[in-house]
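Chemist: I'll drop the sequence and a predicted model, then ask my questions.
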Amino acid sequence: MRLSAWLIITCGMAMPCFVSCTARLPLHGIDEWGFSQTVSWTSTVHVRGRALTFSVGPEDVGPTPMWENPSSTLPPLSAPDAIEAARKEVPKYVQDPEHWHLESITLESLGNENKWVYTVRWHEKGAYGEDTLPIPVLMNGQAVIGVWQKEP
């Protein structure tokens, strides 16, 4: 099952940010009553030709606030706060962070636990192609730390 919605919010900038909210129910970890037993999420991306993996496990999600009514309430963490948390992480992954700008911000469900994660995506100014830097941010304002994969 997949639920989607679009929100337009003001991110404290001259123009509004478009936020895509997507709920995905996990394909595994479901008990006999249809509830998720574990919450985990992994994303591997390529930044300037190197593989970077972001992982979120139950120990990361446990202490984060729940967002129980996404259709009628705002998320526990505002989009501007998620953007700021991710912005602080950009210099950890690229040598020229001043050349990277906000491309998009999305909200994704981590299963049936009412736990959500923002993905704040950055793109290099003037660069063409798929080289983007998506930084996940949990609802407690904690950016997920990416791990560079060893080169072959």
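Modeler: Structure received.
Chemist: Do you have the helices of the protein handy? List them.
Modeler: Using DSSP state H, the helices of the chain run over 58-61, 79-87.
Chemist: Buried deepest among those, which one?
Modeler: Most buried of the helices of the chain by mean neighbour count (mean count of other CB atoms under 10 Å) is helix 79-87; its value is a mean of 19. For the C-beta atoms, the positions are set from N, CA and C on the backbone; glycine is no exception.
Chemist: helices and strands around it, which ones?
Modeler: strand 16-24, strand 100-109, strand 116-124, strand 132-138 (3 or more CB pairs under 8 Å, 6 or more residues apart in numbering; DSSP states H and E).
Chemist: at 10 Å instead, please
Modeler: strand 2-10, strand 16-24, strand 100-109, strand 116-124, strand 132-138 (3 or more CB pairs under 10 Å, 6 or more residues apart in numbering; DSSP states H and E).
Chemist: Quick one: work out the angle between that helix and strand 132-138.
Modeler: Orientation check (axes from the mean of the first three to the mean of the last three CA atoms, to 10 degrees): helix 79-87 against strand 132-138 gives 120 degrees.
Chemist: Quick one: distance of helix 79-87 to the chain centre.
Modeler: 10 Å (CA atoms, centre = their mean, to the nearest Å).
Chemist: now that helix against strand 100-109, angle please.
Modeler: Using the same axes, to 10 degrees, the inter-axis angle of helix 79-87 relative to strand 100-109 is 120 degrees.
Chemist: For the residue positioned nearest the centre of the chain, give its distance to S109.
Modeler: Relative to the mean C-alpha position of the chain, the nearest C-alpha, by CA atoms, centre = their mean, is the one of T119, at 2.0 Å. For T119, the distance to S109 (CB to CB, to the nearest Å) stands at 12 Å.
Chemist: next one: P136
Modeler: According to CB to CB, P136 and S109 sit 13 Å apart.
Chemist: Pick out whichever of these two has more residues nearby.
Modeler: Taking other CB atoms under 10 Å, P136 and S109 do not tie; P136 has more neighbours (26 against 23).
Chemist: Any regions of the chain where pLDDT drops low?
Modeler: 1-39, 112-113, 129-130, 152 (pLDDT under 70).
Chemist: switch the cut-off to 50
Modeler: 1-36 (pLDDT under 50).
Chemist: Next, count neighbours for the closest residue to I83 other than its chain neighbours.
Modeler: Ranked by CB to CB, 6 or more residues apart in numbering and with sequence neighbours excluded, the top spatial neighbour of I83 is V120, at 5.6 Å. The criterion is other CB under 10 Å. On that basis, V120 has 25 neighbouring residues.
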